[in-house]
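Chemist: Below are the sequence and a predicted model for it; my questions follow.
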Amino acid sequence: MGYWEEVKDVLGKGIDLAKEGIREGTDTVVKKTREGADAVVKKTKDGVTYAQLKTKLLFKHREFRDVIADLGDAVHDLYQENKDIYADENVKKIVEKVNKIEDECKKMENEIKALGKEVKEE
């Protein structure tokens, strides 16, 4: 084999190795970009979910406030009439609403806490 043929062979091998390295490097860049984009999408979804839960919780707190006001009105009326507060069916229904809303609020608060921990861990 002549000198120029050896040079051509070595250069050809070098070019093939360079092509392979570029291909592997490109694949790695594409893979890392996809992983980064997936992470951004997940964080964005978590952020949206967090905001939605906080909004729902705010509305539940407002509903809670309104129900408590209704309870106060009912108790006040019964007190004015010297009636038994504990025996009144309306008061019992309102207290059940209060308990239900409290449970819903606690559930949402736990979901928010869990989502917050999940976001911090990542």
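Modeler: Cool, the structure landed.
Chemist: for the protein, what spans make up the strands?
Modeler: Using DSSP state E, no strands are found in the chain.
Chemist: center of it, which residue is that?
Modeler: Centroid-nearest residue in the chain, with Cα atoms, centre = their mean: Asp46, separated by 3.1 Å.
Chemist: Using CSV, list the CA coordinates for stretch 76-90.
Modeler: Extracted in CSV, the C-alpha atoms of stretch 76-90 (Å, rounded to 0.1, in the frame of the first residue of the first chain):
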residue,chain,number,x,y,z
HIS,A,76,-79.3,34.1,67.4
ASP,A,77,-82.9,33.8,66.4
LEU,A,78,-83.3,30.7,68.6
TYR,A,79,-81.7,32.4,71.5
GLN,A,80,-84.0,35.4,71.1
GLU,A,81,-87.0,33.1,71.2
ASN,A,82,-85.6,31.1,74.2
LYS,A,83,-85.6,27.9,72.2
ASP,A,84,-83.3,24.9,72.5
ILE,A,85,-80.4,25.4,70.1
TYR,A,86,-79.3,21.8,70.2
ALA,A,87,-82.8,20.4,69.3
ASP,A,88,-83.3,22.6,66.2
GLU,A,89,-83.2,20.7,62.9
ASN,A,90,-82.0,23.8,61.0
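Chemist: Distance from the chain centre to it, please.
Modeler: In this view, stretch 76-90 has its centroid 44 Å away from the chain centroid, taken as Cα atoms, centre = their mean, to the nearest Å.
Chemist: Equivalent analysis for stretch 81-98, please.
Modeler: The answer for stretch 81-98 is 38 Å, by Cα atoms, centre = their mean.
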